[in-house]
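Engineer: What would the 3D arrangement of this be:
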Amino acid sequence: MKDSSVNPHFPAGAAPVKLYRNPKSGHCHRVQLMMSLLGVPYEPVDMDMANGAHKASEYLKISPFGQVPAIDDNGITLSDSNAILTYLVRKYPDGHDWLPAAPEAAAEVQRWLSVAAGEIASGPAAARLAAVFGAKLDRETAKAKAHRLFAVMEPLMQSRPFLAGPAVTIADIAGYSYIAHAPEGGVSLEAYPAIHAWLDRIEALPDFVGMARSPIPSDI
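Structural biologist: From the prediction side, this is the model:
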């Protein structure tokens, strides 16, 4: 349970937020990382997904699509990782503008949340899902999509420190996990030094927590 430097908006005496997760899921890691950065106490609940824990009737009341992550914040339940990020930064502000209100900045953050749910999910995330979990996906197609995404990101990250501009936002938290772990799906990051530098900046944030590593396949 993360409870050091507790967020001042977290109620005294409240139970830690329950985070229902698979510890090797990038979707789950982005929520864990966000709570750590915000100083929100949390209790990981690792789901036995191999035996269908995510399809149990009680869990479906929390996550109707039977997916992880989901949270239970003292009776407030929510699923979908990007929705949870939005909830957390609004419920537990820490003085940093994780989700800007200005129209242009808000739109840029939303664009990258869409990329996280689109190009990242079908590219590096899908390649890793096939390699690490044995999912029946076309890993070569996913790898090609990842490299197309990184080819777009690389020049952009040469011109700005974070995805949506000069400051870190939830866009970076949503994008980090699967890109940082792309090599586990056979997607090399060697050709993308600006993306590497962006990952380094996120990892240098106070209270950063990483995701469990998996072996890198030989065909990277």
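
Engineer: need the helices for the chain, in chain order.
Structural biologist: Here the chain has its helices, by DSSP state H, at 26-38, 57-60, 81-91, 103-115, 126-133, 139-157, 170-180, 193-203.

Engineer: how about the ones you listed, which one is nearest Ala12?
Structural biologist: Among the helices of the chain, helix 81-91 comes nearest to Ala12, with 15.5 Å by CB to CB. Any C-beta I mention is one placed from the backbone N, CA and C, and that applies to glycine too.

Engineer: before we move on, the earlier item: closest to Ala14 out of the helices of the chain?
Structural biologist: Ala14 sits nearest to helix 81-91 of all those, at 11.7 Å, using CB to CB.

Engineer: mean pLDDT for the helices of the chain: which is lowest?
Structural biologist: Between the helices of the chain, the one with the least mean pLDDT is helix 57-60; it has a mean of 91.

Engineer: want to throw the helices of the chain into a markdown table with distance to Ala50 and mean neighbour count?
Structural biologist: Shown next, in a markdown table, are those (distance: least, CB to CB, whole Å; neighbours: other CB atoms under 10 Å):
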| stretch | distance to Ala50 | mean neighbour count |
| --- | --- | --- |
| helix 26-38 | 16 | 24 |
| helix 57-60 | 14 | 12 |
| helix 81-91 | 21 | 20 |
| helix 103-115 | 30 | 16 |
| helix 126-133 | 10 | 22 |
| helix 139-157 | 21 | 17 |
| helix 170-180 | 21 | 26 |
| helix 193-203 | 30 | 16 |
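
Engineer: want to throw those helices into JSON lines with distance to Val45?
Structural biologist: Below are the helices of the chain laid out as JSON lines (distance: least, CB to CB, whole Å):
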{"stretch": "helix 26-38", "distance to Val45": "10"}
{"stretch": "helix 57-60", "distance to Val45": "10"}
{"stretch": "helix 81-91", "distance to Val45": "14"}
{"stretch": "helix 103-115", "distance to Val45": "25"}
{"stretch": "helix 126-133", "distance to Val45": "19"}
{"stretch": "helix 139-157", "distance to Val45": "29"}
{"stretch": "helix 170-180", "distance to Val45": "19"}
{"stretch": "helix 193-203", "distance to Val45": "25"}
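
Engineer: For the residue of the chain most remote from its centre, what are phi and psi?
Structural biologist: Residue farthest from the centre of the chain, counting by CA atoms, centre = their mean, is Gly13 at 27.7 Å. The phi/psi pair for Gly13 (degrees, to the nearest 10) reads phi 80, psi -10.

Engineer: thought Ala197 was touching Ser159?
Structural biologist: No. Under the criterion of CB atoms under 8 Å, Ala197 makes no contact with Ser159, lying 11.9 Å away.

Engineer: Spit out the contact partners of the nearest residue in space to Trp98 that is not next to it in sequence.
Structural biologist: The spatially closest residue to Trp98, leaving aside those adjacent along the chain, is Val89, at 4.0 Å (CB to CB, 6 or more residues apart in numbering). Val89 makes contact with Met34, Leu38, Trp98, Leu99, Ile170, according to CB atoms under 8 Å, 6 or more residues apart in numbering.

Engineer: swap in Tyr59?
Structural biologist: Counting by CB under 8 Å, 6+ apart, Tyr59 has contacts Tyr20, Met47, Ala53, Gly66, Ala70.
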